[in-house]
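Asker: Sequence first, predicted coordinates after that:
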Amino acid sequence: VQLVESGGGSVQAGGSLRISCTASGVTDRRHCLGWFRQAPGKGRELVAQIYSAGGRTDAADSVRDRFIISQDNAKNTVYLQMNRLKPEDTGVYYCAAGVWSAVQGICDFAYWGQGTQVTVS
């Protein structure tokens with residue numbers, strides 16, 4: 001599995017940005033995708049995840065009313081539309097892929113992209 005992110009950059013507070021991740025080698029129909037971020041000096045946190053086969057998306061409380069995760073299966077691409085950005089959204093955003101756990105109701109992430117920087121000033 002390979003994940004390649006794109007679309008990061010710098011934006012002013014209140015602005016919008018969309019980042020993308022193209023996945024290759026994902027064959028399990030239970031696959032799920034997500035976005036994590038890591039701010040300077042902090043740990044990596046889950047921002048949003050999508051399990052398209054189950055019609056499910058989840059987002060962290062801090063972004064739920066501002067960020068939208070979506071997936072284009074034909075392009076094997078997952079997007080994160082980020083609106084009303086805040087300085088605290090700054091960080092490296094990582095795309096991740098895994099298999100959905102129906103028992104736990106979570107994505108068991110196993111693969112990671114190289115990350116893309118998002119800076120909000």
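Answerer: Yes, it's here. Numbers count the residues shown, from 1 in each chain.
Asker: Report the strands that pair with the strand of greatest length in the chain, each with its relative direction.
Answerer: Assignment by DSSP state E gives strand 91-101 as the longest strand of the chain. In the sheet, strand 91-101 lines up against strand 31-38 (antiparallel), strand 106-112 (antiparallel), strand 116-120 (antiparallel) (DSSP bridges).
Asker: Return the distance of the helix or strand that the first one is followed by from the chain's centre.
Answerer: So the one you mean is strand 31-38. Sequence-wise, the next helix or strand downstream of strand 31-38 (DSSP states H and E) is strand 44-51. How far strand 44-51 lies from its chain's middle: 6 Å, per C-alpha atoms, centre = their mean, to the nearest Å.
Asker: can you state the direction angle for strand 44-51 and strand 106-112?
Answerer: If you take axes from the mean of the first three to the mean of the last three C-alpha atoms, to 10 degrees, strand 44-51 sits at 110 degrees to strand 106-112.
Asker: got a list of contacts for strand 44-51?
Answerer: With contact meaning C-beta atoms under 8 Å, 6 or more residues apart in numbering, strand 44-51 is reached by 30, 32-38, 56-60, 63, 67, 69-71, 78, 80, 93-94, 100, 106-107. Yep, even glycine has a C-beta here, placed from its N, CA and C like the rest.
Asker: Now, of these, which are buried?
Answerer: 32-37, 57-59, 63, 67, 69, 71, 78, 80, 93-94, 100, 106-107 (16 or more other C-beta atoms under 10 Å).
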